[in-house]
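Novice: Next comes the sequence, and after it the predicted model I'd like to discuss.
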Amino acid sequence: MASQSLLIGSLSRQTGVSVRTIRYYEQEGLLTPSDRRSSGYRIYTERDVEKLRFIRQAKQFGLTLKEIRGIMRCSRQGLEPCCSMVRQLFNRKIAELEGKISELTQTRDRLKDRLRRWIGPKEASRRGYAVCPQIESPKTDRRKR
């Protein structure tokens, strides 16, 4: 079966990836530079459709373009080394996410605490805050530093 030739607009519609992004991926080496028609239009194949779908899915797992490029390069060596690499990447991503979740939880808790200790405008003006009492440390906290 002959490979279907696609123009960049058709490739974009089939994959949900914008034309601009397709060109960027090509510049970044994620897509093999396409052939061109005599008119100068880029020509893509079903293999390019598969690659773009892979890239979109990998990005949904939080992988960077550099990591995706590495996986694509590794896959040329076979599935076994590639699967091992992806397992390591996933474990690292999970650890990063757990760290971010912890940071976000702490930030949420600080915001909730600040809301519980909200300072009204009259009280704030009496205490002499520089900009915003809700963000600045209370005067008692400033003395401790």
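Specialist: Perfect, I can see it now.

Novice: What residues sit buried inside the longest helix anywhere in the chain?
Specialist: The longest helix of the chain (DSSP state H) is helix 79-116. Residues of helix 79-116 classed as buried by neighbour count (16 or more other C-beta atoms under 10 Å): 82, 85-86, 89. C-beta: built from backbone N, CA, C; applies to glycine.

Novice: Mind pulling the model confidence for the residue nearest the centre of the chain?
Specialist: Computing the C-alpha centroid of the chain and ranking residues by C-alpha atoms, centre = their mean puts G62 first, at 5.4 Å. Reported pLDDT at G62 in the predicted model: 94.

Novice: That one and L97 touch, don't they?
Specialist: Yes. Counting by C-beta atoms under 8 Å, G62 touches L97, with 7.4 Å between them.

Novice: in the chain, which spans are strands?
Specialist: With DSSP state E as the criterion, the chain has strands at 35-36, 42-43.

Novice: For the residue lying closest to A130 once chain neighbours are set aside, grab phi and psi.
Specialist: Closest residue in space to A130, ignoring its immediate chain neighbours: E136 at 6.4 Å, by C-beta to C-beta, 6 or more residues apart in numbering. The phi and psi values for E136, taken as degrees, to the nearest 10, are phi -70, psi 150.

Novice: thought E136 was touching R127?
Specialist: No. E136 is not in contact with R127 according to C-beta under 8 Å; the separation is 9.4 Å.

Novice: so who does the residue nearest to the centre of the chain touch?
Specialist: Counting by C-beta atoms under 8 Å, 6 or more residues apart in numbering, G62 touches 93, 97.

Novice: What of Y25?
Specialist: Y25 touches 17, 31, 52, 55, 65, counting by C-beta under 8 Å, 6+ apart.

Novice: coming back round to it: which of the buried residues of helix 79-116 lies closest to W118?
Specialist: Within the buried residues of helix 79-116, proximity to W118 (C-beta to C-beta) peaks at L89, which comes in at 43.6 Å.
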